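J.: Need a 3D model of the following:
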Amino acid sequence: MKYALVTGASRGIGRAIALKLANELNYNILLNYNSNTSAAEETLALIKESGLNCELLQFDVGDTEKSKNILESWTAEHPDAAIEVIVNNAGITRDGLFMWMKPEEWNSVINTSLNGFYNVTQPLLKDMLSKRYGRIINIVSLSGLKGNPGQVNYSAAKGAVISATKALAQEIGKRKVTVNAVAPGFISSDMTAEFDEKELKKLIPLNRFGEAEEVAELVTFLASKKAAYITGEVININGGLYS
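T.: I've put the predicted structure just below:
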């Protein structure tokens, strides 16, 4: 049975990705979330409506031991399952000027985005390599490419994942496992709800924020067999804001 694991998938971009992977590529979904159980259960119900299986895995991707234990336990309990796709989407922001940034604000953001990539991907990689097939897709950010004032921590975390994407792609390409990153700009979501959309969209050539479903379309393409010759890439989806 084929599965796709999506982290931080209870709502927003993660939910849109999980739904599209199920509906368009017929993947059963492993839906990771940290705290919002009601939103995760809503997403699970939506996926089950499409006739595919969805299982909830509640853990903080920044917790190395818990991530490893839950993923290894699930794999051991499902010997006939193959996790073919990993979408590392979980991320948090703790914005503020670097001069005043507290250690917790730095460490929590780095831990979720960068260490979360390691904690989720590394325990599952051996199985992908032995099966000689896999898709690893890291959701990064415009901030990780151009930097963003007030987001030194987030820019650092996402920039590091971009470099890790390129390096890992070179390590494992011979085993037909691809590794790519998707870098959204301003996307309508809970994370951007407090942004001044009217002012910010003046900076965007397409003159609007993107939608979560548009990011999910790109991720679904990269997760498909059509994208077999794309690896080590960072693909922007930002309406021309950084082109």
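
J.: Arg11: neighbouring residues, count only.
T.: 18 (other CB atoms under 10 Å). For glycine as for every other residue, the C-beta is placed from the backbone atoms N, C-alpha and C.

J.: what's the neighbour count on the nearest residue to it once chain neighbours are set aside?
T.: Counting by CB to CB, 6 or more residues apart in numbering, Arg11 lies nearest to Ala39, which is 4.6 Å off, once chain neighbours are set aside. Counted with other CB under 10 Å, the neighbours of Ala39 add up to 17.

J.: pretty sure Ala39 is touching Leu31, no?
T.: No: Ala39 is not in contact with Leu31 according to CB atoms under 8 Å; the separation is 10.2 Å.

J.: For these two, list the residues in contact with both.
T.: Ser10 (CB atoms under 8 Å, 6 or more residues apart in numbering).

J.: Give me the distance between the longest helix seen in the chain and the centre of its chain.
T.: If you go by DSSP state H, the chain has its longest helix at helix 152-172. Relative to the mean C-alpha coordinate of its chain, helix 152-172 is positioned 13 Å out (CA atoms, centre = their mean, to the nearest Å).

J.: can you list the residues that contact that helix?
T.: Counting by CB under 8 Å, 6+ apart, residues outside helix 152-172 touching it are 88, 91, 93-95, 98, 101, 105-106, 109-110, 112-114, 117, 121, 125, 128-129, 136, 138, 140-141, 143-145, 147-148, 178-181, 183, 231-232, 234.

J.: next one: phi and psi at Cys54?
T.: phi -140, psi 130 (degrees, to the nearest 10).

J.: Counting by contacts, list what the strand or helix carrying Leu31 packs against.
T.: Following DSSP states H and E, one finds Leu31 within strand 28-33. Contact analysis of strand 28-33 by 3 or more CB pairs under 8 Å, 6 or more residues apart in numbering; DSSP states H and E lists strand 2-6, helix 12-25, helix 37-49, strand 54-58 as its packing neighbours.

J.: Pull the residues that contact it.
T.: In contact with strand 28-33 (CB under 8 Å, 6+ apart) are residues 1-10, 18, 21-22, 39-40, 43-44, 47, 52-59, 61, 74, 81, 83, 90, 120.
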